[in-house]
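S.K.: no FASTA, just this:
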């Protein structure tokens with residue numbers, strides 16, 4: 001079935017927030033960095049085979065022909081793959097979007113190590129063989145399952161490359177197959193970096209049908225649309241029929257006209273995967289009645305989760321009034337308030353110590369990577385640092401512009417922030433530019449962002 005981007009974003013991000021989502025990454029994501037895909041890896045052998053390799057060929061079968069050509073020796077093919085992939089490639093925008101997403105499980109058919117590089121600052125557990133599948137993963141860790149092996153750490157005979165490897169997958173990798181069955185049955189998947197007629201995708205779907213039959217969750221796939229013209233009108237129709245056939249496996253397809261749209265989808269998913277979460281930052285040394293008003297109003301908005309950074313001043317005001325309101329109205333505070341430890345809370349002066357800023361950024365990373373909306377009051381060095389971290393993690397930032405200060409002018413002067421505010425809540429943006437924002441304006445802006 002063909003679905004629209006908004007449906008995918010809302011449904012899949014909700015699954016991620018509820019820890020029942022996973023992302024399946026194909027070679028199209030790596031190609032943006034290394035410039036080569038599965039088809040490109042096999043091209044150097046075209047002349048020796050005496051055929052012209054085409055993109056819609058059964059590429060695992062072509063790989064089998066190459067191995068057969070060398071009397072069953074996988075060395076030449078593996079060495080060519082190593083030569084192409086085992087280099088220092090720059091990460092791309094898709095990798096950035098993935099690292100900003102609330103994700104616990106990533107599957108990939110890629111052999112390269114770009115995902116490992118992207119998540120190098122996270123606690124990543126890589127599983128590239130059957131023996132590793134059963135290793136436990138802690139709640140804060142991210143699991144990367146490389147179902148076809150890894151070019152830098154898997155023995156040559158363990159890489160899934162040829163037709164024979166695909167045929168024997170259930171026999172050679174039973175634990176991986178069982179895990180795939182479990183995840184397809186219990187998690188919602190987003191497939192990215194795969195193309196129409198992609199052999200890796202085709203084989204995954206065959207395994208899915210064998211393992212799960214029709215007992216799967218709702219899955220999604222983003223595909224480049226085949227443009228209709230006289231030459232490829234039939235291919236366009238074939239793609240639509242293929243997308244409809246994927247419904248047998250519970251997969252909804254989103255067709256895009258340009259891969260920039262994938263970037264937009266991934267960043268929206270990354271933001272919304274954090275749920276209806278709000279964090280308020282500001283001066284650690286002063287209080288503000290408006291902060292207390294905002295805390296109270298947030299408590300009365302259904303499904304909003306407030307994040308506490310254990311900060312004094314503005315942050316403490318918001319959390320205190322939020323907590324009081326929840327208690328008075330007999331709400332379950334454990335579901336509404338999530339606390340992120342802050343060793344700097346022991347002394348408010350720590351947050352304004354320039355020497356401690358690098359460590360503050362490291363400690364606050366987890367908080368901002370889990371927060372969708374950050375409400376920013378005026379403040380000192382610590383608040384400025386938290387604003388920078390929030391911006392780096394692509395949080396949706398709402399400046400509480402009550403009076404004209406250099407800090408507020410800096411935030412409003414940020415093109416990315418101002419463009420977003422003008423798009424989501426133009427009235428708020430106009431009031432912020434006049435530095436006359438009130439409590440109801442902030443609450444309205446939060447609701448518009450969370451429900452857009």
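M.R.: Cool, got the structure. It should be emphasised that the depicted structure is a prediction, and the values quoted were computed from it without experimental measurement. Numbers count the residues shown, from 1 in each chain.

S.K.: where does pLDDT dip in this protein?
M.R.: Residues of the chain that meet the criterion pLDDT under 70 lie in 1, 199, 207, 209-215, 228-231, 344-352.

S.K.: got the domain ranges for it?
M.R.: The chain breaks down by automatic domain parsing into domains covering 5-272, 277-450.

S.K.: redo these as CSV? Include mean neighbour count.
M.R.: Quick note: C-beta positions are derived from backbone N, CA and C, even for glycine. As requested, the domains of the chain are exported to CSV (neighbours: other Cβ atoms under 10 Å):
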stretch, mean neighbour count
domain 5-272, 18
domain 277-450, 18
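
S.K.: what about residue 137, which helix or strand?
M.R.: Assigned by DSSP states H and E, residue 137 belongs to neither a helix nor a strand.

S.K.: was I right about it contacting residue 123?
M.R.: No - the pair formed by residue 137 and residue 123 falls short of the contact definition of Cβ atoms under 8 Å, at 9.4 Å.

S.K.: what segments of the stretch 151-300 of the chain are helices?
M.R.: With DSSP state H, counting those that start in this stretch as the definition, the stretch 151-300 of the chain shows helices at residue ranges 163-167, 169-172, 174-186, 199-212, 233-245, 260-272, 289-299.

S.K.: residue 321 sits in which helix or strand?
M.R.: Going by DSSP H and E, residue 321 is in helix 314-328.

S.K.: toward the C-terminus, what is the element adjacent to that helix?
M.R.: Next helix or strand after helix 314-328 toward the C-terminus (DSSP H and E): helix 333-336.

S.K.: which other helices and strands does that following helix contact?
M.R.: Secondary-structure packing of helix 333-336 (3 or more Cβ pairs under 8 Å, 6 or more residues apart in numbering; DSSP states H and E): strand 305-308, helix 314-328.

S.K.: each with direction, which strands does the shortest one pair with?
M.R.: Okay, so that is strand 305-308. With DSSP bridges as the criterion, the sheet partners recorded for strand 305-308 are strand 277-281 (parallel), strand 337-339 (parallel).

S.K.: how about the nearest residue to residue 138 once chain neighbours are set aside, what does it touch?
M.R.: For residue 138, ignoring the flanking residues on the chain, the nearest one in space by Cβ to Cβ, 6 or more residues apart in numbering is residue 123 at 7.6 Å. With contact taken as Cβ atoms under 8 Å, 6 or more residues apart in numbering, residue 123 is in contact with 138, 140, 141, 142.

S.K.: could you dump those residues into TSV with distance to residue 105 and secondary structure added?
M.R.: Supplementary listing: the contacts of residue 123 in TSV, determined by distance: Cβ to Cβ, whole Å; DSSP: H, G, I helix; E, B strand; the rest coil:
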residue	distance to residue 105	secondary structure
138	13	coil
140	13	coil
141	10	coil
142	8	strand
